[in-house]
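Enquirer: Next one to model:
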Amino acid sequence: MEEGTERYKLFMKRLELCDDPAAREYLRYTNAQMLEGGFTMQVMFEGLSQSLGQYRSWLDEERRVSADPAKHQAFLAGFKQAWSSSAMGAIDMSVLAQMADPNIVVKAQKDPEFYKCIREISDNPTSETMSKWLDHPTIGPLVGAMWKSMQIARNRGQQ
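Expert: From the prediction side, this is the model:
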């Protein structure tokens, strides 16, 4: 994941240095959308780096306690709690990938409020936050698929 993040940073830097009008327009549009949601590319990359650091620390901790069954079970219980309260844990991405029509995703991404929506859902992945966006004409269908994937993830967790 770290390599993918670095490659994306490099790609974005190349776009910034490019003289192609289409590249410039893409960057302008993407930055405007991100600002609408309250963040920038730098904030996005910092968030990715922070998430990767957290994932790395979880892996290191699991390796450290894996030889002791009691400690490992305690680690897993804490991890499941932390993960399920996060946006990534609340939404079953494999279900979302199957449910969300790529055309719906592309249409939602083109909406100026897309990043604002994603930011709100990431900060507070609850049905209340998602219901705010369900009636939105372009983002609503994607949020509906996200909501369904959350329900499936919750149901799996209760089994």
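Enquirer: Buried residues, the helix or strand encompassing F11. List them.
Expert: Under the criterion of DSSP states H and E, F11 resides in helix 2-17. Neighbour-count burial for helix 2-17, counted by 16 or more other Cβ atoms under 10 Å, picks out 9, 12. In this view, the C-beta of every residue, glycine as well, is placed from N, C-alpha and C.
Enquirer: and the helix or strand harbouring W147, what does it pack onto?
Expert: For W147, the host element (DSSP H and E) is helix 140-158. The contact analysis (3 or more Cβ pairs under 8 Å, 6 or more residues apart in numbering; DSSP states H and E) places helix 140-158 against helix 69-84, helix 87-90, helix 93-99, helix 102-110, helix 114-123, helix 127-133.
Enquirer: one step back: which outside residues touch the helix holding F11?
Expert: Contact partners of helix 2-17, identified using Cβ atoms under 8 Å, 6 or more residues apart in numbering, comprise 23, 26-27, 41, 45, 48-49, 52.
Enquirer: any idea of the mean pLDDT in it?
Expert: Helix 2-17 shows a mean pLDDT of 88 in the predicted model.
Enquirer: Likewise for stretch 76-88?
Expert: Mean pLDDT, computed over stretch 76-88, is 77.
Enquirer: What's the mean pLDDT across stretch 50-67?
Expert: Rounded mean pLDDT across stretch 50-67 is 90.
Enquirer: before we move on, back to that, now the helix holding W147: how far from the chain's centre is it?
Expert: Helix 140-158 sits 14 Å away from the centroid of its parent chain (Cα atoms, centre = their mean, to the nearest Å).
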